[in-house]
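Colleague: Here is my input; please provide its structure:
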Amino acid sequence: MIISPPFLPQLDPSKLDPAKPDPMMDAVDEFELFHGIYPIAFDRRRHCGIHLAPEMHGAVYAIADGEVVAYRVCQHAVAPDDSNVGFILLRHMVETGDKRTLTFYSLYMHLLPLAEYHTFGYDAKGLPDFLHMPTGDAPKGKVTPAVKGDGQKVRRKDILGYLGRYEGRTHLHFEIFMLPDDFNAYFGHTQLGNPMPDTPTGRDCWGHILL
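Modeller: As a prediction, the model looks like this:
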């Protein structure tokens, strides 16, 4: 599986450092904001993701092929602080070896409401069809209901929405995580913490191979 960042900034080839193998990820690293870092935010509360704010307002992209678990498309911002509460949650599954599948999730929050697309010159044509309309009825200023994904699929680099704001700050709240059952199913037999591990019987390979 190929994984991309949720933003795809334009890079200047003349300024790339050949010693750095992943300049795109390095560029997105610079977007992280101090008030939303993982795992503890600036106010000393637990924070499960990171806040990213690129220099230019723009699209938010799917980091990998996946299935939509849940999402919310809003028509308007919510009161009283004019925040954006649109989001999309994706499930990703990748085969990593002999009958072994790694399942993880990505979450994208504070997506711009549809009514504000024209402010930045956007339209919904670049989005998957299911993201073209609000996910429910809600009075202006109230939170639109979220809905299940119902098997909708997205591909890596599909546009999921556009950068919005929360409590006056323009940023994306972004998370990658695993559920406990998925984590244990994948890593449970790696014998982490066992000082005398047994030799695995499967054909999976862990670590690096030099030929």
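
Colleague: next one: stretch 157-176 to chain centre, how far?
Modeller: The chain centroid and the centroid of stretch 157-176 are separated by 9 Å under CA atoms, centre = their mean, to the nearest Å.

Colleague: export it as CSV, just CAs?
Modeller: Provided in CSV are the C-alpha atoms of stretch 157-176 (Å, rounded to 0.1, in the frame of the first residue of the first chain):
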residue,chain,number,x,y,z
LYS,A,157,-5.4,11.2,-3.4
ASP,A,158,-9.2,11.5,-3.8
ILE,A,159,-10.3,14.9,-2.5
LEU,A,160,-12.3,14.5,0.7
GLY,A,161,-13.1,18.2,1.2
TYR,A,162,-11.3,21.5,1.8
LEU,A,163,-9.5,23.0,4.7
GLY,A,164,-11.8,24.5,7.3
ARG,A,165,-11.5,26.0,10.7
TYR,A,166,-12.3,25.4,14.3
GLU,A,167,-12.6,28.0,17.1
GLY,A,168,-11.1,30.7,14.9
ARG,A,169,-8.1,28.6,13.7
THR,A,170,-7.8,27.4,10.1
HIS,A,171,-6.5,23.8,10.3
LEU,A,172,-7.1,20.1,9.7
HIS,A,173,-7.4,17.8,12.7
PHE,A,174,-5.9,14.5,11.4
GLU,A,175,-5.5,11.1,13.0
ILE,A,176,-4.2,7.7,12.1
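
Colleague: For it, buried residues please.
Modeller: By 16 or more other CB atoms under 10 Å, the buried positions in stretch 157-176 come out as 158-166, 170-174, 176. For the C-beta atoms, the positions are set from N, CA and C on the backbone; glycine is no exception.

Colleague: Any idea how many residues pack against F120?
Modeller: 11 (other CB atoms under 10 Å).

Colleague: got a list of what it touches?
Modeller: 57, 112, 162 (CB atoms under 8 Å, 6 or more residues apart in numbering).

Colleague: Show me the shaky parts of the chain.
Modeller: In the prediction, the chain carries residues with pLDDT under 70 at positions 38-39, 41-44, 189, 199-211.
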